[in-house]
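**Student:** Need coordinates for the following:
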Amino acid sequence: TDLSEERTQLALQRTLWAAEATLNSWLRTAMAAVAAGLAVFQFVSSAIQWVAPAIASILTLTGVGIYLFALWRYATETKRLRAAGVLVTPMWLVSVIVTPLLAVGLLALLLMFR
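**Tutor:** Below you'll find the predicted structure:
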């Protein structure tokens with residue numbers, strides 16, 4: 001019984017690490033999408049004036065959506081792990097880290113249409 005409980009706790013800890021690694025991957029992907037949107041907006045000149053802003057907006061909105069999706073997925077997974085007794089990174093701390101990234105994405109979107 002003790003061995004099975006220990007193995008269960010180890011498996012839960014690995015699940016937490018996987019959730020944190022997945023969050024990190026989603027955040028990197030979102031940052032890349034926002035950066036690509038800004039790059040397209042700033043450096044692409046087109047004969048059709050609306051093409052670059054449209055592509056940039058789609059990339060930036062995708063990045064913002066990924067930030068929100070990553071937060072939701074992490075919150076869902078850590079809620080389940082917390083119920084199982086695993087010590088997880090508090091959601092408020094993760095939100096403090098992600099909020100400036102989300103704000104930059106939204107600010108970039110606003111600047112595209114000024």
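**Student:** So which other helices or strands are in contact with the helix or strand that contains residue 73?
**Tutor:** Using DSSP states H and E, residue 73 falls within helix 51-83. If you count contacts as 3 or more C-beta pairs under 8 Å, 6 or more residues apart in numbering; DSSP states H and E, helix 51-83 packs onto helix 2-43, helix 91-112. In this view, the C-beta of every residue, glycine as well, is placed from N, C-alpha and C.
**Student:** buried sites along it?
**Tutor:** 52-53, 55-57, 59-64, 66-67, 70-71, 74, 77-78, 81 (16 or more other C-beta atoms under 10 Å).
**Student:** Repeat that for stretch 102-109.
**Tutor:** Of the residues in stretch 102-109, 102, 104, 105, 106, 108, 109 count as buried by neighbour count, 16+ other C-beta under 10 Å.
**Student:** Check stretch 87-105 too.
**Tutor:** Buried, per 16+ other C-beta under 10 Å, within stretch 87-105: 88, 94, 98, 101, 102, 104, 105.
**Student:** need the contact list for residue 58.
**Tutor:** residue 37 (C-beta atoms under 8 Å, 6 or more residues apart in numbering).
**Student:** Give me the distance between it and residue 64.
**Tutor:** From residue 58 over to residue 64 the distance is 11 Å, taken as C-beta to C-beta, to the nearest Å.
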